[in-house]
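Engineer: Coordinates for the following, if possible.
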Amino acid sequence: MSSNNRSRAARAIGAALLIAAGSLHAAADFKSIPKLEEMKDRSAAPDFTLSDPSGKKVSLKDYRGKIVFLNFWATWCGPCRTEMPAMDRLYREFKGKDFAMLAVNVKEKGDDALKFMKELKISYPVALDQDGEVGLLYGAWALPTTYLIDRKGQVLARMWGPADWHSTSARNLIKSLIEQK
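Structural biologist: Now for the predicted structure:
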């Protein structure tokens, strides 16, 4: 093999290794999900403590060390009803893999939220923001509103409106966030 051919082969192997390494540690592609806005300032997610439907206290800080999918919703919200089953499939796929999901029901009675969750067969954790203060703190002026939060509690991205959270692009985004250590 001539030195020119060896040089080309070495460059091709090097490029292939870089591509393979890049796919293992790919940067999160927030643009792959329409309307998902990557946060440039990466400010800390405001902590809060709410009760779940059984009365148990739930705090955002309890999820430190995991990628957190924080979603604000209500039973009267048609788009929430549409996206929640896909969220549940996403939760089931990544549960136990440094991923947590918390859905905050805004300004409703716990019984109504619980009935709605049972109807949709939702398995992920829910907290009740009966006075709407946490929703306001996060700017959840339209429902659904979703935030992605990193392991350190920094807001990575937000989205107003529904998404297919079990789509290939959404699953790939969550997988890439989990793989980033």
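Engineer: How about Thr49: what's its closest non-neighbour residue?
Structural biologist: Closest residue in space to Thr49, ignoring its immediate chain neighbours: Ser59 at 4.4 Å, by Cβ to Cβ, 6 or more residues apart in numbering. (Glycine included, C-beta is placed from N, CA and C.)
Engineer: Number of residues surrounding the one you found?
Structural biologist: Neighbourhood size, Ser59 [other Cβ atoms under 10 Å]: 13.
Engineer: Quick check, it in contact with Phe48.
Structural biologist: Yes - Ser59 is within contact range of Phe48, at 6.8 Å (criterion: Cβ atoms under 8 Å).
Engineer: Next one: the residue nearest to Thr49 relative to Ile122, how far apart?
Structural biologist: Distance of Ser59 to Ile122, given as Cβ to Cβ, to the nearest Å: 20 Å.
Engineer: just Trp165 next, same as before
Structural biologist: Distance from Trp165 to Ile122, by Cβ to Cβ: 12 Å.
Engineer: and for those two, which residues touch both?
Structural biologist: Residues touching both Trp165 and Ile122 (Cβ atoms under 8 Å, 6 or more residues apart in numbering) are Met87.
Engineer: who's more crowded, these two?
Structural biologist: In terms of neighbours (other Cβ under 10 Å), Trp165 is the more surrounded of Trp165 and Ile122; the figures are 25 against 19.
Engineer: thinking again about what came up before, dump the residue contacts of the residue nearest to Thr49.
Structural biologist: When contacts are counted by Cβ under 8 Å, 6+ apart, Ser59 touches 47-49.
Engineer: If the spatially most central residue of the chain is in a bridge, with which residues?
Structural biologist: By Cα atoms, centre = their mean, the chain has its centre lying nearest to Phe69, at 3.0 Å. Phe69 has these beta-bridge partners by DSSP bridges: Met101, Leu148.
Engineer: what residues are up against it?
Structural biologist: Counted by Cβ under 8 Å, 6+ apart, Phe69 has contacts 87, 90-91, 99-102, 146-148, 165, 174.
Engineer: what are the phi and psi angles of the closest residue to Cys80 other than its chain neighbours?
Structural biologist: Leaving aside its chain neighbours, Cys80 sits nearest to Trp73 (4.0 Å; criterion: Cβ to Cβ, 6+ apart). For Trp73, the backbone dihedrals (degrees, to the nearest 10) come out as phi -150, psi 170.
Engineer: How about Gly161?
Structural biologist: Here is the backbone geometry of Gly161 (degrees, to the nearest 10): phi 110, psi 170.
Engineer: just Glu179 next, same as before
Structural biologist: phi -70, psi -20.
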